[in-house]
Structure formats: structure tokens, C-alpha cells
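>>> when you get a sec, could you give me coordinates for this:
(chains A and B)
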2 protein chains.
Amino acid sequence: MAAPTLDTDPWTVREPHVDPGTLAVAESLFSLSNGYLGMRGTLDEVEPCATRGTYLSGVYETHPLSYPEGGYGDPGEGQAMLTVADGTPLRLLVDGVPLDVREVRPELHERTLDLRAGTLDRRVRWTALSGTTVEVSSRRLVSLAERSVCAVRYEVRALDGPAHVVLRSELVSGAVTPTGVRNDDPRVAEVLDSAFEPLVHVRADHGGALASRTRRSGITVSAAVGHEVDGGQVHTHVDPHHVVTTVTADLGPGEGLAVVKTVGYSWSYDAGAGSVVGEASAALSSGVDRGWDGLLAGQRAVLDELWATADVEVDGDTELQQALRYAVFQLFCSAACISDAPVGAKGLTGVGYSGHTFWDVEGFVLPALTLLRPDAAARLLRWRSGTLDLARERAGTLGLDGAAFAWRTIGGRETSAYWPASTAAMHVNADIARAFWLHQNATGTDLVALGGVGVLVETARLWTSLGHEDAAGRWHLFGMTGPDEYTGVVDDNVFTNLMARRNLRWAADACRRWPERAAELGVEDAETSAWRAAADAVHVPWDGDLRVHPMNANFTAYREWRFEEERDRYPVQEHQHYATFYRRQVLKQADLVQALWWCRDDFTAEEVARDLDYYEARTVRDSSLSAAIQAVVCAQAQHPDLALRYLREAALVDLRDVTEGTAEGLHMASVAGAWLALVAGLGGLREDHEDLEIAPLLPAALTRTAWSVTWRGRLLRVETTRAGTSVTLVRGDGPVTVVADGARLSVTADAPAHVPLRAPDPLLGEPRQPAGREPRT
Amino acid sequence: MAAPTLDTDPWTVREPHVDPGTLAVAESLFSLSNGYLGMRGTLDEVEPCATRGTYLSGVYETHPLSYPEGGYGDPGEGQAMLTVADGTPLRLLVDGVPLDVREVRPELHERTLDLRAGTLDRRVRWTALSGTTVEVSSRRLVSLAERSVCAVRYEVRALDGPAHVVLRSELVSGAVTPTGVRNDDPRVAEVLDSAFEPLVHVRADHGGALASRTRRSGITVSAAVGHEVDGGQVHTHVDPHHVVTTVTADLGPGEGLAVVKTVGYSWSYDAGAGSVVGEASAALSSGVDRGWDGLLAGQRAVLDELWATADVEVDGDTELQQALRYAVFQLFCSAACISDAPVGAKGLTGVGYSGHTFWDVEGFVLPALTLLRPDAAARLLRWRSGTLDLARERAGTLGLDGAAFAWRTIGGRETSAYWPASTAAMHVNADIARAFWLHQNATGTDLVALGGVGVLVETARLWTSLGHEDAAGRWHLFGMTGPDEYTGVVDDNVFTNLMARRNLRWAADACRRWPERAAELGVEDAETSAWRAAADAVHVPWDGDLRVHPMNANFTAYREWRFEEERDRYPVQEHQHYATFYRRQVLKQADLVQALWWCRDDFTAEEVARDLDYYEARTVRDSSLSAAIQAVVCAQAQHPDLALRYLREAALVDLRDVTEGTAEGLHMASVAGAWLALVAGLGGLREDHEDLEIAPLLPAALTRTAWSVTWRGRLLRVETTRAGTSVTLVRGDGPVTVVADGARLSVTADAPAHVPLRAPDPLLGEPRQPAGREPRT
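Now for the predicted structure:
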């Protein structure tokens, strides 16, 4: 897919000349979401269009999964995020000619996403058949203040002559668009193409409501639409799939017609259709009650607070400045109003990966949200702990104790159909445990309230039933797949082993801290002792000849990959068979290197340097998850310039469509990863010990960085220039202890802390990557 | 499935009281085949019936394979053996009542498979509505002398009163029966349910012909039927799917009506329908020309020769005697007339595994045939070498050199949809190479004529591109799956490594011996030197603490399986997930133990004893492939009584439906394995060195064994009693050197060799199996 050409601006993302050839990517980039409701940045008139989509988090349909050679425990049902009733269409006819930018060839066609206003603006100007110059201005928003409301103000104006205008505003259910499910079984398309059974259609003044229910998953969804029309004749038609409000007007020169369209949504697993329609209508009323200006003000207020607490600044790189603000904006929007639902790998911006959530969310989105928007993070964690019973069931199916969380899901049930890259990737459980642990450490939240003690205990039990001690007393995990998906079903994956160690200790610590909850979960002292003993005995492979950690047993003895020969054949998995690359020294993504970050206490500085050097030369980064991790660990190993290049890749992955996957939605892990690459990478932030730590570096290309974190209820601002780093307590009571470059500093509201800028002191030269796989951008 | 109750008789398999409740298994047991044409032992009147099926080897339809999460190189098409036009139905009405044994409750209903006559006889006697006692006698055969012909003589007789008789004889195409394909994708059933497009139907005197073509694979099949009728009125009707010949008669007391029905078959990948009909009709003519008695005589002559050259005798165990003769009979019939097609895992006796051929055929069926019917073995080998180009293509897809033969196929193309148990099981290539090598060693055949040099060279190239040397110069194969399907995607599987070593050396040896062919294949000295160097450097894991070979790197450090806890949950794969058992010490089937046999030169006697002991305790034998191997190696380790128990399991696997899989067809590998268990097990025969070797043992329960092998054109008979073993040269010129118990003996036509019976001298006590997984029967 081609990426749109965008202006570089610190506070907006603007496409000055909308190009129909880049719509697929632009629709994702201009998505609007609040975590509950999201919509792709399609043009108001619908056509031209790559993929329409209005999504409600948690609304999905199930579909059969059929296996040509199935095995015991293969999930029998998939899940797919659905396009719910779409309220974006505003079809415009001027003098009988539809506004289709491919046909009318506008002299002006621009779109602007304003990161402070929380709106998507659009302007189109063209000459109608009659010779009249016509201009359309639209402003669209998904409310950040009213969870279930989106709205658009659409204005058409005849600038210099008369124009006959028909505006047809639609709310359409059953508008089938690609679901992101790649499955040749015709039953899948059959199920998903008619996922919704229409139940109710209601006509109201200048609008109406629809309700329908998914046939298999039984989720009832309703949308209610209303219009405030300034001039013209208005007519509304309703049928089971449509609410259509048509406005007609004869405009004189200089005259305009403006419509404010508001849509309210609701959905439920169990409520009756009437009830859901009622809630959607109430949401609509609430939006209408605020009014257009009220909705705009609401956006502004929420975002003012966001930027006051989460702004990032980088001086010296305007592209990166824009990309980082865009990342913070989209990260926030992906989860701002989330409730009882997960964040998908693509948020609510597209149907990639069928809308499923993966460990990326716990690995990247949640740790970032925890430091930026702990309230949203807590809601997301509660969704995950709410799936504990399904995870227990899955563990039972696998013959294991405790809980095995879904590798990919929407509703909580495992839906992955290729076990070597899912069921075997048991690290997902420790990643989830880590998200809970980091959250309680960074916020001081009671884990019991989050359901976190159950998660830690049951995942610890899982590890105990997965691992075992050999005759020499070394504790092993065999047959696992680590984060790297090009190396599967291996023994003693270092990342997995070390994360399991942490998981076991966190669980034991949590049981000591919340003994009542532990008792409810049936944990006795003998069990926590066994967890600690296993954790202490975890085996970590080591290659004494090369003096690096093999990422799993035997890895450094694998055949090297033919990087030169294969240099034009990426991603590897689309040109090579699993059986070929699973045992070669080629990595899709950081794996051992991720352990250097997440399990930093287990590595010396020399090991970090040598391991990073080794794996950098073998990582092809076919996964968008990887760049941010590499950024963090390159900084950790004192290579700030290389870290910056990876940070740029992570931050620009969608704006430049680096991996050619943005058409299917934004890469939320990379969105969060970009922020982490700045803060945990160049900033050296670590939040896994008792005190917050930083270790700032400043690459040659930047003159200043500044960012904020919320740490145990206090808002800190960290600013780094060549002169050094200052840590300011912006909100909350001090003193706050911050460990900067190893020194304990006390920060109070009156007295920011200051440390001089440390020069990078790498133990080895800057690592090299496989030919052609250097950081992109 | 329940197994039928059978008489124990040395030369027949007789079901004295046919039980409709055991028909599914009985249909497989009473199958008739000549390797080209096969049919299940359904009742003549069709109903009651479990699975009808007439099969032609090599006739299959393709169908889509859809993957819920597909990967690069996943086969896109499956293949399924089809039921071709079925000529077995002979529907009988007596006084208007159909002969359905569930309704008429016969006083006599018996079936007998005669292993010397090559016929399936059936007798039914019951009292008709009129009170007349009626008897039906049928005799069915698939000709062993006329490849494309089957015939049945069906006689109905009114014993003690009058009877009005209608006999409706059908040839039916498009009779859809289960295909053995387990796939939920509805397109698969759609394709296979209407695989044949009818092309031609022809009426002839008392018969006719049909031709149809598979819609996707484009195979044209024709069947022509004729009837010789003794009495009654005859009428023939023909439509695109049927040739129906109806005979009506009023029988007086003591009168009978007899029909001989003959069917001729033909199929072709490329010939026109008319041509194929012509060939089928010619086949029919040939059968008719021989006449019923001629066909019977042909069976007898062919089988006389079989028993003269291949009879097996065991004194002291009548069940085993019967089972072994049955095995030799079915082994022979599976391949007697085979041409340009593989033997499926179920032969032509059922649709299990979709009719696919696997490495079992090269591993067991071919080595046995090579020693019993080298001509049939050679034809089967030529089929495999004929798939070399498809195997080269598959290797290319996998990014490998040389050729990668299909794990499961009918037409030669890979159709396996679960790569960890197929693509990763690269040992199939060495197993195929071994079948060629053993064949040339045992028969002296020119490998070039079999296409074997190409097979050896291209598989050696495959191994070179799969394996690599580590820094210490050890040659590894990583990420493979060995024979044991409960341990997948592992490093340095000993069996695979050692078989690859052999494959490399065989290839180098073949190139030295057939240099012109090697030159055509582009082999230069440097390449064969590299093969030998790799073979010499092959790494074999060793556990110095336990003093056993881990079956792959790390295996002995795997967690032990909970045999006690899981003792009622077999087969393991139906109760546990791959991710659970792939890294536990539980084996579905012999793996390292198979290497002890096939790669015997790499193990000391002590290693054989210790390794066998170790793996016996961990092998649950959920695969019917395993018992025969365990029998052989138990004998090798000097445990003849245990070997006998495994031999009994292998030999009785179908007659007793031990694994509950016989309903879908006989287990051809176990059929061959039973013979191997006797000959290579108790007989200690080894055919992989320059001279034939034997090392006979006699279990306590047997008083005598006798068996034959054809070795380099000479027929030898080996007879063992308590007094010792005699080796007799029955046919061909002597002297033949036979190494018996390590001593070189010379055998001539005049002077049989004799060695005293050696007492078993095991190094360890008899191995123990997991609870409940001792040899069955």
C-alpha cells in the first residue's frame, strides 16, 4: 500500500492533497476512536473507499475453524470483530452529480487530524457542472467525553453561483466489509457476511434507531442517529437496515447548508433489543444535549488534560516530534473509554488480525498506559482478569494446572489455529502477569481489586505444571515458543524461562501481601515455597565459547541464515517454510534482546552488550513489535544514535506505512512502543523496582527531550538537554525518590532534581544488522 | 468397533456366524485385492453394510485444503481415494422379500476366506415367507492372474419348496461412501460427493459398461460387466450411473439359479473415455474367456506359487499360524499386480487415511516384499522414483536442495496439512532411500533401472542442505520429527541423523557404482566427498549419566509422563494437546528403538539392551507401526518371549481389531510388520550387509518356525526347532553364503546348513512397559 503524503507539523496530521490511491492507509491514520467506539477515516461520501468500518470494542461474531488435520484441543471457533451500523455516510449530490473525488477532481481536498482538538477536518472545493464553485467542510469526532457518541458537522456552500444540493445521511447496518479473517472455508464468509440479524428499526424526528443481534455470539448492538439541520427540506426513511435522512436545498450564491449528525451506540451480551435501543437513544440524547459546540469543548478539555500529563517533546527532529505526539494521541484514544473489552492489536482502527488482542497489549500498550493513564490501564487489566475462568478452562484442556490465557481473542476464549506460534508461546501468561505487577508497582493499586492476585497465582500454577527439574536440579521449560516467531517449539527459551521465574516470584510476593485472597485461591505456604524454589532453579542456557546467551538451548549451534541470498525476500515467513527457518539463526523480532530489557536484573552490562551485538546481526524485524524493543536495549547498551533510529522506525511505522500493514489498522503495540522507546529507551526509565529509575541519553541528532510519567499518583516531567536532565514534580505531593544514573534523588514540588548528561559508554561498537534490515525511515 | 468372531484355522479365515454388528471390521478383513483392484468384503446384497468400496490403486480426486492460519508452503490440495463403479451388488428377492440378513434371520450364515483358493465364500440359509428353505452360495474373487478382473458366482437354491426369485445385479457408479477425509470444510464433501462426471454408458448382452471422469484430477475410469446366467429371464438396463441386469426365475423344490458376474476395469490419466471403455471391455472379455473355472484355477496357481515361496509356519500357536498366513496373503494381494501407483497405508481395503501412502510402505511393506516378491517390490519402487520431479519441486518450495518426498500422497504431491508431523519428519526420505538400497542389495537389481540412483542422490542433496556442522565439526539436523509422533520438532533425532548418514553413504556408493547415471545427475567427486564427510561427522546425542541414547537432544531431560494418571486415556493424542506431550517422555511408537534395528551397526549390544529397556518403559504404542519393530528389537536384545508377544500383537492387529482402526481398512505396515517380526525378529534376519544374516531364537511357547526368503534370485527356507536351525536352498544355484549367529555357512541345493539353537543371553532383564501398555493379545 502507498502511504499518503503528509505535512510535518507538531500538532496536526494533515494531508494537503487527498490521494485516492492512498486511501487504505489514510483511512487507518485518520481513524478516530475512544476505545469504546472507533471508526476508520473514510470519506464522508463513502466512495471512494478502501475499507469502511465502525467498530465497538468487544463486539464480535464467532465462526467455525476447520482444520485439514485437526488435533486435540484445537479451538473450534474463531472470533472476528464486526463492522457495526455505520453512521459516517453523508452522500452529497450537487446538481445531480455525486461528490466522488475521482470524478469531480477537486481543486482543493485536504484533511487534518488535530491532536489538540480531537477532530478530523476535511475541506473539498470543486467546480460543479453548472460552473458554481462548491465547498464542503466537514469536522468529525468520536467523543472522548461521551463514550458512546460520535458526531460530524457537514457543511456545503455554493461559493459563487447557485447549486441544487441533496445530502443523504445514512445509518447502515449490515454493510459488510472485509473482516480480516483469512479463511478459505466458505462457512466463515457465510457466517460473517450476515453476522447480524436485524431486530428493531425506529423512526424519529430527523433520525431513528436500529438494533440487531449477532446470530452466533448473541451480542445485541444498537445505534441511534439524529440530525440538526440548518436549512433545506428534511425527510427520514427507516427500514431494518437503514435510517436515511435526506436534506435537499437550493443554494444561492454564497449560501450554505449545514448538518450536524450525531450517533449514539450501545451493545450488550444479554440485554433485550428494546433496552439496547433505549441506551443508544439515550446516548444520542446526551450527545445532542451537549450540542456540537459542547462536544467540541469536551474533546478539547479531555485532550488538554492529556497533553498536560502526557506530552512528549523532542527538539531537533520535527518528523519524530509529530510521530510521537500522534502515537500518544492514538494510544490514549485506543483505551480512553474502554470498558469490559480488550484493545485489539489494531485498536478500533481496522480489522487486521480479526480485531484480536494479543500479548502486545499487555507487553506494550498496558505498561505505557499505566505510566500515562493509569485509570484506562486498570480497566484494561480488569478485562483480562475477567477472562480468568476461560483461561483456567484452557489450561484444563491442555492438561495443565492454573490458567493459560488466550494468545489471540476478543471474548477471552483461545481462537488461535496454529499452536506452535500460540499455545506453545506460553510466555503470554508471564507477560500478562507482568502487566499486572508493573501496574501495581507504578500506581500502588490494590491487586485484589484488579483481579490480579488470581492472575498471578493461576499463571504461577501453570508454570509449575509446565516446567520441571532435571536430575541436576535445573528447572526447565521445554517445547516453548518465545517472542520470536521464526524460532518455534524450542527448549529453555531464555526469555520465557526468565519471565516464568518472575511470574513465580510475583505470585509468591502477592500471596504474602494479600494473604486473604491467597487463601481464597487455596494457596498454602508449601505452594509459594515451591514457586520460589522453581524460580531459583530456572535454567538459563549459556554459550561459553561465544560468551553469549543462546536464546534457547542449542540456538547458537543452529545453521546461520543466508541473509545475503535472501535479502530481497522479506518477510521471511512469506518466502520460506516454518520447517526451514524454525532452526536457523534468523529472528523475526527481538527475543533474547527483549529479556535484556524486561529481565534486566539477570544480565550484566557485558552480557547485555555481547548479547545485543549477537542478536542484532540476526534479527530481520519482520514484526512491527521489534523496533521499539531494539530501541530500548540499544539505549541500554549505550548506543543512543542507533536507539534513535529504531525509535524513529517505531514511531513512523504507520505514518510512513513502514511494514505495509497500516491499511488494516494502526499497529497499537508500535504506537505504545514508540513512547516506550523514547521513555524507557533514551530516557532509561525502569519502573520494575521499588523506586523509579531513569538513565537519560541524548542522541547527537536531538537537542532536547521531555516527557511525563505518572508514578504512584504523582506527575513527573523529565527534560533532558545537553546540560543534563531535570526531573520536576508537576502534580502531587513530594518528595518522590527517583534513581537517576544510579544516584538516588529526591524530587519535591519546589525542588526539581538535576543530573548532568552522561556520555554514552558502550562496551562494544554499534551493532550491525543484516544487510537491508537496518532501522527503516 | 467390535471384531467378528472367527474360527482359528491354518488356511482359512472363517466367520461361522456372520454378525451384522461387526460388519465394519469384517468388511476390511474379507477384502479382496490384487494391488490394482480391491474391494471391501461387503455382503453381496449390499445391505446391511458399513462402508462399500471398490478401489483402483492410483485413482483419486483432489480437494481443497483450507487452513485457518495457513503458512507458506502448506499444500493447497488434498487427495482422496475414490470408490469407483461398484460391481459387487447382487440384490436378491425371494417371494418379494429382499434378502436382508437382519430381517430374514438366517439359520446359517457363514463366510470363509480361503488363503489357498484366493476366494471369499459365503453361505446363507433361511426360510422364506412361503416356508421354503432357501440357500445362497456365493464365491467372490479379485483375480490374481487377470489384473483388471473381479468375478463372483452367486447361486440361489430352493431346497424344499418353490420360490420366486429376482436377482438384480448392479454396476453402480457414483455410489458415494465415506472417503476417509476428515475435513469440516464443506467444499471437501461437495467435491468428493460428486467427484465423477459420467461420460459413457453402453449396453451389451447381459451387461454393459460405464465410464466417468474425475472433475478435478481428470482421471477416466471405466468398468464393464457381463453375466453368465444359468436359467431364468434376463433383462439389462443401462443409464449413466447404472448397468442393471435382472434375472427372474420360478424355482421348483431343489432347483437353483446361478449367475457368474464378471467385471473388468480400466483407468487412465490421459486416454479418452472411449479408449478406457475399450480397455475395460477387453478386460471383461479376458475374464470371460478364462471362464469361472479358469479364474478359479488362476487364483490357485498364483497362490500355490506364493505358498511355495513364502509360506510361514509356527508350531505351538494356532492363532499366530493363521494370522501370519493371513498377513502374507494380504501383503501379497496388496501389491501383486500393482502398477504405476502406490500401496496405501490401508492398501485397497478401506479409505482410512484417505487412501494415502506413507513411509510405512517403504519402511515395512517394501522390505518384506523385496524378500518375498521382488518383482512386485520393484514395481512399487518405480512408482516412488517416478515422483522424483514432484519431490524436487517440494524441496524447492522448502528452500532446500534435492528432493523431499511426500509424507502422504496418492499422486506423488505432498498433501499433508500438519507440518510438524510431516514436513519436519524428513526421515521419510532416508526411509525411501533405504527401501531402494535394501532392494538392490537383496535382489542384485540395477538401481538405475528402478530410478534409484536419482532417489539416492537427490535425497543426499536434501540432507546436505538440511544439516550443518557446528563449530566443533559435529553435523546436526535440527527441528526434525522422528518416527515417534509424540515428540515433534526436535534437534538431532538419533534415528533421523543415523538414517541420513546411511542415505549420504548409499548415495556416494551408488555414484561410484553407477558413474554414468551420477554424471547425468551432475554429481562430481567433490559432492560425494562432502556427503561422506557429513556422514562421518553426524552427531549422535548420548546421555553419559543414564548411559542411554536420548532419542533426540535433551530427551532424557524431558519431564516424565504420568503413565499411571493417564492410564485410561489412550491414544494420548486424543486426550492431550501436542504442546503438552511433545516434550514429555512418552512415545507413541518406536523411534530410537527403530534405529537399533535399521542402524544396528551404530550400536553395541550393551547400548541395544540399555536403550531398549529405557524406551520400552516409555512407549505406549498408540501406533500400529510399533509392535513389529519392538518385536524385532526385543529379539535382537535376546528377549524371544517378549518378542513373540509383540509379534502376536502385530499379526493379530486386524483379526482382533486391536487398535480399533480395522473398520477403515487393514494396517498394511503391520501386515508386513508381522512377517518382519517373525523373520527379522525371531529369525534375526538382516539383509543390509553383503551377506544374508540370521540369528534364530525360539520362544518357549513355540516348538518350530519356518519361513522363506528370496535372496539374490535364490529361494531359501529357514526352519528352527529346539534342535537348531536349518537353512535349505529350495530354488536357484548355490552356494549361498548365510551368516548364522555370526558364523559364515555355505548353503547348496544338496547341503542345507545347520546351526544349533542358541539360548537367549540377554544383558538385562526383560523390559517393562507402561502400565496397561504391555503387548496386547
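>>> stretch A:579-592 near chain B at all?
Yes. Interface with chain B: stretch A:579-592 contributes A:Ala579, A:Thr580, A:Tyr582, A:Arg583 (Cβ under 8 Å from any Cβ of the partner chain). For the C-beta atoms, the positions are set from N, CA and C on the backbone; glycine is no exception.
>>> tell me the pLDDT at the first one?
Just to be clear, that refers to A:Ala579. Note for A:Ala579: predicted pLDDT of 94.
>>> same question for the third one.
In this prediction, A:Tyr582 carries a pLDDT score of 96.
>>> any idea how many residues pack against it?
By other Cβ atoms under 10 Å in any protein chain shown, 24 other residues sit near A:Tyr582.
>>> next SSE after the helix or strand bottoming out on mean pLDDT in chain A?
Every helix and strand of chain A was ranked by mean pLDDT, DSSP states H and E. The lowest is helix A:186-193, at a mean of 89. The C-terminal neighbour of helix A:186-193 among helices and strands, as given by DSSP states H and E, is strand A:196-204.
>>> quick one: strands adjacent to that next one?
strand A:207-214 (antiparallel) (DSSP bridges).
>>> give me the mean pLDDT for the strand it pairs with.
Across strand A:207-214, pLDDT averages out at 97.
>>> tell me what whichever helix or strand comes after that strand is packed against?
Scanning forward in sequence from strand A:207-214 by DSSP H and E, the next helix or strand is strand A:220-230. Contact here means 3 or more Cβ pairs under 8 Å, 6 or more residues apart in numbering or on different chains; DSSP states H and E; on that basis strand A:220-230 packs against strand A:163-172, strand A:196-204, strand A:207-214, strand A:242-251, strand A:256-268, helix A:273-310.
>>> for the residue of the stretch 651-777 of chain A found nearest chain B, which residues are in contact?
Residue nearest to chain B within the stretch 651-777 of chain A: A:Glu664 (15.7 Å; Cβ to the nearest Cβ). When contacts are counted by Cβ atoms under 8 Å, 6 or more residues apart in numbering or on different chains, A:Glu664 touches A:Ser28, A:Thr51, A:Gly180, A:Lys346, A:Gly350, A:Val351, A:Gly352, A:Tyr353.
>>> before we move on, what about A:Gln594?
Each residue near A:Gln594 by Cβ under 8 Å, 6+ apart is listed here: A:Pro483, A:Phe495, A:Ile629, A:Val633.
>>> distance-wise, check A:Arg91 relative to A:Val172.
11 Å (Cβ to Cβ, to the nearest Å).
>>> now swap in A:Arg40 and tell me
From A:Arg40 across to A:Val172, the span is 14 Å (Cβ to Cβ).
>>> and stretch A:558-567, end to end?
With Cα to Cα, to the nearest Å as the measure, stretch A:558-567 spans 19 Å from end to end.
>>> who's in contact with that stretch?
A:572, A:575-576, A:581, A:583-586, A:618, A:620, A:770-773, B:468, B:478.
>>> identify each buried residue in it, please.
By 16 or more other Cβ atoms under 10 Å in any protein chain shown, the buried positions in stretch A:558-567 come out as A:Tyr558, A:Arg559, A:Trp561, A:Phe563, A:Glu566.
>>> how about stretch A:574-593: buried residues?
In stretch A:574-593, counting by 16+ other Cβ under 10 Å, buried: A:576-593.
>>> may I ask which helix or strand encompasses A:Arg776?
Using DSSP H and E, A:Arg776 sits in no helix or strand.
>>> residues contacting it?
A:Glu649, A:Val658.
>>> phi and psi next, for it.
Backbone torsions of A:Arg776, given as degrees, to the nearest 10, read phi -100, psi 170.
>>> do you know the pLDDT at it?
pLDDT recorded at A:Arg776 is 92.
>>> for B:Ser286, see how far away it is.
Separation of A:Arg776 from B:Ser286 (Cβ to Cβ): 72 Å.
>>> and for A:Leu65?
Distance, A:Leu65 to B:Ser286, by Cβ to Cβ: 51 Å.
>>> next one: A:Val149
Distance, A:Val149 to B:Ser286, using Cβ to Cβ: 84 Å.
>>> re the thing from before, which of the buried residues of stretch A:558-567 fall within helices?
With DSSP state H as the criterion, helices contain none of the buried residues of stretch A:558-567.
>>> of those, closest to A:Gly70?
Taking Cβ to Cβ as the measure, A:Tyr558 is the one of the buried residues of stretch A:558-567 closest to A:Gly70, at 30.2 Å.
>>> mind listing the residues bridging to the nearest residue to that closest one once chain neighbours are set aside?
Distances taken as Cβ to Cβ, 6 or more residues apart in numbering or on different chains put A:Gln585 closest to A:Tyr558, at 4.8 Å, once the chain neighbours are dropped. When assigned by DSSP bridges, A:Gln585 has beta-bridge partners A:Glu560.
>>> quick one: contacts for A:Gln585?
Residues in contact with A:Gln585 (Cβ under 8 Å, 6+ apart) are A:Phe555, A:Thr556, A:Tyr558, A:Arg559, A:Glu560, A:Trp561, A:Arg618.
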